[in-house]
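[1] here is a sequence together with a model predicted from it:
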Amino acid sequence: MLTEQEEKFLIYWENNRLSEKKGFKQYLKGLSRGLMIVVAIVLLLVTGWYQRANMEANSKMSGTVFSIALVCIVVFMSWFYKNYKWEMNEQQYLELLAKKKRDRAKSPPESEKNILN
């Protein structure tokens, strides 16, 4: 038997699964995750936490390449998070549909319930 929350999720996901796959809003959520990683990387470089890494970065790495790498991290995390969340919701939806189908198969039809009582 499905709970009320599971029923609501089934209805929501059935109506919104295609718009969630193509929507821009999910990219914004992933964007914040990517920015958090980039901020952590920049903070580690600025604070001088690992001196040898700072020396290597200052001697061999250009600022342009570093900036492009940071932007690539943000874009990849945004895309990855969006796809990950969609797949998790889709998996939950399919599991709930299977559970609902299994519950219907176990319970006798209404006409048989009336005969048994």
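    In hand now; what should we look at? Given the structure is predicted, the values throughout are model-derived calculations rather than measurements.

[2] give the contact list for the nearest residue to L10 once chain neighbours are set aside.
    Of all residues not flanking L10 in the chain, L96 sits nearest, at 5.5 Å (Cβ to Cβ, 6 or more residues apart in numbering). The way it works is simple: take the backbone N, C-alpha and C, and place the C-beta from them, glycine included. Counting by Cβ atoms under 8 Å, 6 or more residues apart in numbering, L96 makes contact with L2, E6, F9, L10.

[3] stretch 38-58: end-to-end distance?
    18 Å (Cα to Cα, to the nearest Å).

[4] got a list of contacts for that stretch?
    So stretch 38-58 is contacted by F66, L70, I73, V74 (Cβ under 8 Å, 6+ apart).

[5] same deal with stretch 18-31?
    By Cβ under 8 Å, 6+ apart, stretch 18-31 touches W13, V74, M77, S78, W79, F80, Y81, K82, K85, W86, N89.

[6] from one end of it to the other, what's the distance?
    Span of stretch 18-31 from end to end, Cα to Cα: 21 Å.

[7] give me the mean pLDDT for that stretch.
    The average pLDDT within stretch 18-31 is 79.

[8] for that stretch, list every residue counted as buried.
    Within stretch 18-31, the residues that count as buried by 16 or more other Cβ atoms under 10 Å are E20, Q26, G30, L31.

[9] stretch 6-19 now?
    Those buried within stretch 6-19 under the rule 16+ other Cβ under 10 Å are E6, F9, L10, W13.

[10] go on, stretch 44-56?
    Applying 16+ other Cβ under 10 Å to stretch 44-56 flags L45 as buried.

[11] so where's this structure shaky on pLDDT?
    108-117 (pLDDT under 70).

[12] which helix or strand contains the residue most central in space within the chain?
    The geometric centre of the chain, computed from its C-alpha atoms, lies nearest to K85 (Cα atoms, centre = their mean), at 2.2 Å. In this structure, K85 is located in helix 63-106 according to DSSP states H and E.
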